[in-house]
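K.L.:
Turn this into a structure:
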Amino acid sequence: MLVLCALFWSFSFPGMKALLLIQQQILPDAGSWFISSLSVVSRFLIAGTLMFCLSWTAVRTVNRLEVEQGLWLGLFTAGGILLQMDGLAYTSASTSAFLTQLYCVLIPVWLALRRKHFPSQKIFICGALVLIGMAVLVRLDFRDLKLGRGELETVAASVVFVAQILCLEHPRFRGNRPQCLTTIMLFASGLFTLPVLALTAPSVSACFRLYTSLPACGLLAMIVLFCTLGAFILMNRWQHHISATEAGLVYTAEPVFASVLALFLPGIISAWAGINYPNETLSVPLLVGGGLITVANVLLQSHWLEKK
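P.N.:
Model prediction:
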């Protein structure tokens, strides 16, 4: 289920990129912060409304712990996405993708410090395979890796995503119902991003103008249904069945799926939306990097190196 969650999330990369290109055609002078924050607010508030309608019977009896966990998850989601987006403006896409995946290492390090024992040998090996695979996949040049504003913000985003994953595992919230906390989380994510939109929007009418295109509305609908509603329902429902360390490693399948989708999906979207968004080509880094990450996830679910 979490691999399926990563697949749903992976569509957000070509989907959001195509939506950005469409909206830049509609308002060429619109700032990236305005377009990005509007997309986040729109997708999460619409997804929250749909989730509320689907789960009304459960949501009307929501309790304090479900509200608390939903608010925390919404804060971490909004904060992580905003830090990641702003960091991307000051560093390369490959560096951003690599540093974002640091949560697969930060989670076992945090748990080792808290529980005062080292992660298993299998976790070390799988984490190393993921980091090497990610570096190959994004063609990371370590000579360009520096700790400037973009890199620091991206690392901060990764730390926030660690908090999000650990929040779902916290034993205090174990009895919470997924549909209730997901509804609260989606609304909270949109509302926490609303101040950024208010500060960057040139006018209220500009917010509506960016969605006057049928392809823009269609892409937003797919992002809401799959990348937001579907993905977070799966995450909040199934993650607690495995450890936070395992979940962090499984989620690294997301950029692999995104790279595969980028081989054919941009061309389909371009033909439909009338934009210039070319397909990427199959490459050795995709095969090697994606292969290492896939091997790490297969080994993680196997009984290899486990005590009998």
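K.L.:
Name the next helix or strand downstream of the lowest-mean-pLDDT helix or strand in the chain, please.
P.N.:
When each helix and strand of the chain is scored by mean pLDDT, DSSP states H and E, helix 93-100 comes last, with a mean of 70. Beyond helix 93-100 in the direction of the C-terminus, DSSP states H and E gives the next helix or strand as helix 103-115.
K.L.:
List of residues touching that following helix?
P.N.:
Outside helix 103-115, the residues that touch it by Cβ atoms under 8 Å, 6 or more residues apart in numbering are 118-119, 123, 127, 130-131, 158-159, 161-162, 165-166, 244-245, 248-249, 251-252. (Each C-beta comes from the backbone N, C-alpha and C, glycine too.)
K.L.:
Weed out the non-buried ones from those.
P.N.:
When those are checked for burial by 16 or more other Cβ atoms under 10 Å, the buried set is 119, 123, 127, 130-131, 158-159, 161-162, 165-166, 244-245, 248-249, 251-252.
K.L.:
From those, which land in helices?
P.N.:
123, 127, 130-131, 158-159, 161-162, 165-166, 244-245, 248-249 (DSSP state H).
K.L.:
just curious, which of these is nearest to Trp56?
P.N.:
Nearest to Trp56 out of these is Ile165 (Cβ to Cβ; 28.2 Å).
K.L.:
what's the closest non-adjacent residue to the closest one?
P.N.:
Ala244 (5.2 Å; Cβ to Cβ, 6 or more residues apart in numbering).
K.L.:
And the pLDDT at that neighbour?
P.N.:
Looking at Ala244, its pLDDT is 90.
K.L.:
What of Tyr277?
P.N.:
Taking Tyr277 on its own, its pLDDT is 85.
K.L.:
contacting residues around it?
P.N.:
Going by Cβ under 8 Å, 6+ apart, the list of residues near Tyr277 reads Pro14, Lys17, Ala18, Leu21, Pro266, Gly267, Ile269, Ser270.
K.L.:
ok, now which ones touch the last one?
P.N.:
Ser270 sits next to Ala18, Asn276, Tyr277, Pro278 when contact means Cβ under 8 Å, 6+ apart.
K.L.:
Now do Val224 against Ser12, distance only.
P.N.:
Distance, Val224 to Ser12, using Cβ to Cβ, to the nearest Å: 11 Å.
K.L.:
Equivalent analysis for Leu282, please.
P.N.:
Taking Cβ to Cβ, one finds Leu282 at 22 Å from Ser12.
K.L.:
Who has more neighbours out of these two?
P.N.:
Comparing Leu282 with Ser12 by other Cβ atoms under 10 Å, the one with more neighbours is Ser12, at 21 against 10.
K.L.:
Which of the contacts of Tyr277 fall in helices?
P.N.:
Pro14, Lys17, Ala18, Leu21, Pro266, Gly267, Ile269, Ser270.
K.L.:
measure the first one to Tyr251 for me?
P.N.:
Read that as Pro14. 18 Å.
K.L.:
What ranges does the stretch 151-300 of the chain have for its helices?
P.N.:
178-200, 204-209, 214-222, 231-238, 244-250, 253-261, 265-273, 284-301 (DSSP state H, counting those that start in this stretch).
K.L.:
just how off-centre is the host helix or strand of Glu68 within its chain?
P.N.:
Glu68 belongs to helix 64-88 when elements are defined using DSSP H and E. Mean C-alpha position of helix 64-88 versus that of the full chain (Cα atoms, centre = their mean, to the nearest Å) differs by 11 Å.
K.L.:
buried set for that helix?
P.N.:
By neighbour count on 16+ other Cβ under 10 Å, the buried set for helix 64-88 is 66-88.
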